[in-house]
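Visitor: Next input, structure requested:
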Amino acid sequence: MDLEAGIVISPPLDGEWRFLRPPGHHPFAFDFVKTGARKRAQHPGTQLKFYLSRVASRDFYCWDEPVRAPLDGTVIRVGSGWPDHEYANLWNMIRLWYNATYRFRPQMGEGRLDIRPNAGNHVMIQAREGHVVFLAHLRNGSIVVSEGQEVHRREVVGRVGSSGNSTMPHLHMNLFDQMDDPYRAKVVPFVFDSFQSRDSKGQWVEESDCVPMVGTHIRFHSR
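Guide: Down below sits the predicted model:
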């Protein structure tokens, strides 16, 4: 998926992930989940367990993975203190997705919008050019940056969790054009500076200045 005018950012994660855009997401808002040896499985249990029972959040492969700043900038917003979901299952997933997509209305708290019921624990980093990267559903207690702090690309800012309206442990990321007026903020396109994607033959292919096709297995280099 090539985007000529995309803002170039670095990967927010390390290692292998699946690149997703669930129903209800903006076209340029994406989720990342980690898979195991079976490539589509996000936890070691069976899908039947997820459908009929429940899977502990800590058992998901992506739980507690480090989340990194995709760009140089200033931390302008930290939302923390929101509990993680201890378990995930099909029915909870449907309920949370419905609430996030159709029912969520942010409320004012301490003089600004409190989006934690939906976004969970989150970090917003503003680049010098004005655009803002949004990293959501972080693990409660894992955020290691504070508002006003300068951060550099690939610096750890928190860890993957399952807070807010999170159907299972994952990282949500998108970019906004600005956050001075949240009601007028627009989601804007971006591209990754580099990553690898798995082709139909199972081979890793080098990619740059683009974003993966939705559903692709991708790999970010640790650097």
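
Visitor: mind checking the end-to-end distance for stretch 188-195?
Guide: 20 Å (CA to CA, to the nearest Å).

Visitor: tell me the mean pLDDT over that stretch?
Guide: For stretch 188-195, mean pLDDT rounds to 95.

Visitor: What distance do you get for the closest residue to residue 36 other than its chain neighbours to residue 174?
Guide: Among residues not flanking residue 36 along the chain, residue 61 sits closest, at 5.5 Å (CB to CB, 6 or more residues apart in numbering). The C-beta positions use only the backbone N, C-alpha and C, and glycine is treated the same way. Computed with CB to CB, to the nearest Å, the distance linking residue 61 and residue 174 is 23 Å.

Visitor: cool, and residue 164?
Guide: Separation of residue 164 from residue 174 (CB to CB): 14 Å.

Visitor: With residue 155 instead?
Guide: According to CB to CB, residue 155 and residue 174 sit 19 Å apart.

Visitor: More neighbours: which of these two?
Guide: Shown here are residue 155 and residue 174; by other CB atoms under 10 Å, residue 174 has more neighbours (20 against 15).

Visitor: Spell out which helix or strand contains that one, please.
Guide: Using DSSP states H and E, residue 174 maps to strand 171-176.

Visitor: And the helices in this structure?
Guide: Assigned helices in the chain, in chain order: 47-52, 90-98, 116-119 (criterion: DSSP state H).

Visitor: export the shortest one as CSV, just CAs?
Guide: By that I understand helix 116-119. Extracted in CSV, the C-alpha atoms of helix 116-119 (Å, rounded to 0.1, in the frame of the first residue of the first chain):
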residue,chain,number,x,y,z
ARG,A,116,-9.1,6.3,28.6
PRO,A,117,-12.4,4.4,28.7
ASN,A,118,-11.9,3.8,24.9
ALA,A,119,-8.1,4.2,24.3
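
Visitor: Thanks a lot, catch you later.
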